[in-house]
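**Student:** sequence first, then the predicted structure:
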Amino acid sequence: MSQDSQDKTDSPDMATINLLMKKLNLLLGCGLFALWVARVGAADVAGVWHAQFEGPRGLQTYRFSFQTDGERLTGKMMAESNGQQRQTEIREGKIQGDTLTFVEVIDFQGNPVRIRYSGKIGANEITFTREVDDRFRSEFKAIRGEPPPTRPGAAAGAGSLPRGGASGRSGPITLNPDDKPAFEDPPPGIDQRRENIPHGKVEMIEYESKTVGARRKMNVYTPPGYSPAHKYPVLYLLHGIGGDETEWLRFARPDVLLDNLIADGKAVPMILVMPNGRAQKEDRPGPNPMATAPAFARFERDLLDDVIPTIESRYSVHRDREHRALAGLSMGGGQALNFGLGHLDTFAWVGAFSAAPNTKPPAELIPDPDVVRQKLKLLYLSCGNRDGLIWVSQGVHAYLKQKDIPHIWHVDSHGHDPTHWRNNLWFFVQRIFR
């Protein structure tokens, strides 16, 4: 065979070369496509996310700053609760499909504590589950982007919620000259059970709510020696946005607090009613308590049309306004102001402890100052000087002061927390029904 024939036999023709090139391009394309799929298969969470919710320690805020590299998640998070901040690096971060996981390690009394976060990713929100050492579990939602600022002193409509960071507004807390304590802090042990005194009773009862169209629950405290032969005044006590009919019992032990004050002759024997202020059929807070905010406004009718009639049919109580009081913490404080001042024919005593932005604008709360002066026996406002929601109560106080409406304004050294709520309940119950 000639050399020329050998070259023609060993050399591929153009058709073969073209076929080989097509196969190579296909393989390269599949490889690049697979790489692209691997890159985009993880949901896009890069950027800033924020969350704000009320937990057992009061108002809590989180800010996440995520970076992604395929399925790898890195970044930082900042958390704030009761004026205390911490910033930590995200560890062991992963994104798989629409789920992300990472670990936060914090120092607790010299020991490292691992906090695990698992999030289900939506279009513009992540539903998080947070677990601490397999013992504590909570849920909340984070929203994409920086929290929108709230103008200091801006009025929020009924059912609206704090926005922004822990302060619920942009900028630092600003205290006015009269934002001062009206009383010294209570002595220690105000909610510690004393064995040498009579004790009241707490019972969970159910009632039929026509407003909601369901059977609902509330806790009722009756004082030591309760007897149908005697008629009692009633304090209706409302919880915060993350709570339910058990929150006051968990935060402040109001039954023990009242037992002690009644034994010392510092409080009138009274019935204490702790309802669920979330007037909807599924009335648990859920993973995102803020989503249930409209039900807090709806509770106005449930309270007036269902809760109060139930109490007055089952217990031996006075049925006039002078023997009814309404108070609450945070969201419940806003409810107490909205409903109490809106129904002075029903309530003569109103208290709000660190009221939330669901509080109506002051001029809407009190359209006729003369009527409030004539009918209201006590209007009690309190907030902590480390509470970012103090601007809500400051606005109400300023209006009351301008209109010359008598009230108590007590600013202590606490934050948006159970200590403030417990202490001010202690102050409030000593001043009602006198």
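**Tutor:** It's in.
**Student:** all helices for this structure, in order.
**Tutor:** 3-10, 14-41, 247-251, 254-263, 293-302, 308-314, 331-342, 362-365, 369-375, 390-402, 418-429 (DSSP state H).
**Student:** let's see stretch 116-126 as CSV, backbone CA atoms only.
**Tutor:** Extracted in CSV, the C-alpha atoms of stretch 116-126 (Å, rounded to 0.1, in the frame of the first residue of the first chain):
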residue,chain,number,x,y,z
ARG,A,116,-29.7,25.3,65.1
TYR,A,117,-31.8,27.1,62.5
SER,A,118,-33.8,25.4,59.8
GLY,A,119,-35.7,27.5,57.3
LYS,A,120,-38.3,26.8,54.6
ILE,A,121,-37.7,29.3,51.8
GLY,A,122,-40.6,31.1,50.2
ALA,A,123,-40.6,33.9,47.6
ASN,A,124,-39.9,36.7,50.1
GLU,A,125,-40.1,35.0,53.5
ILE,A,126,-38.3,32.2,55.3
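**Student:** buried sites along that stretch?
**Tutor:** Arg116, Tyr117, Gly119, Lys120, Ile121, Glu125, Ile126 (16 or more other CB atoms under 10 Å). All C-beta atoms are positioned from the backbone trio N, CA, C, and that covers glycine.
**Student:** hmm, who's touching it?
**Tutor:** Contacts of stretch 116-126 with the rest of the structure, by CB atoms under 8 Å, 6 or more residues apart in numbering, involve 43, 45, 49, 95, 98-104, 127-132, 141-145.
**Student:** again with stretch 316-325
**Tutor:** Under CB under 8 Å, 6+ apart, the answer for stretch 316-325 is 226-236, 271, 308, 311-312, 344-351, 375, 377, 432-433.
**Student:** can you say which of these are buried?
**Tutor:** Listed as buried from those are 226, 232-236, 271, 308, 311, 344, 346-351, 377, 432-433; burial here means 16+ other CB under 10 Å.
**Student:** quick check: the two most widely separated of the buried residues of stretch 116-126?
**Tutor:** Greatest spacing in the buried residues of stretch 116-126, by CB to CB: Arg116 and Glu125 (19.6 Å).
**Student:** state the distance from Val220 to Phe428.
**Tutor:** Using CB to CB, to the nearest Å, one gets 18 Å for the distance from Val220 to Phe428.
**Student:** look at these two and report which has more neighbours.
**Tutor:** Phe428 (24 against 20; other CB atoms under 10 Å).
**Student:** could you check the pLDDT of the nearest residue to the more buried one once chain neighbours are set aside?
**Tutor:** Sequence neighbours aside, Gly351 is the residue nearest to Phe428 in space, at 4.5 Å (criterion: CB to CB, 6 or more residues apart in numbering). On pLDDT, Gly351 comes in at 98.
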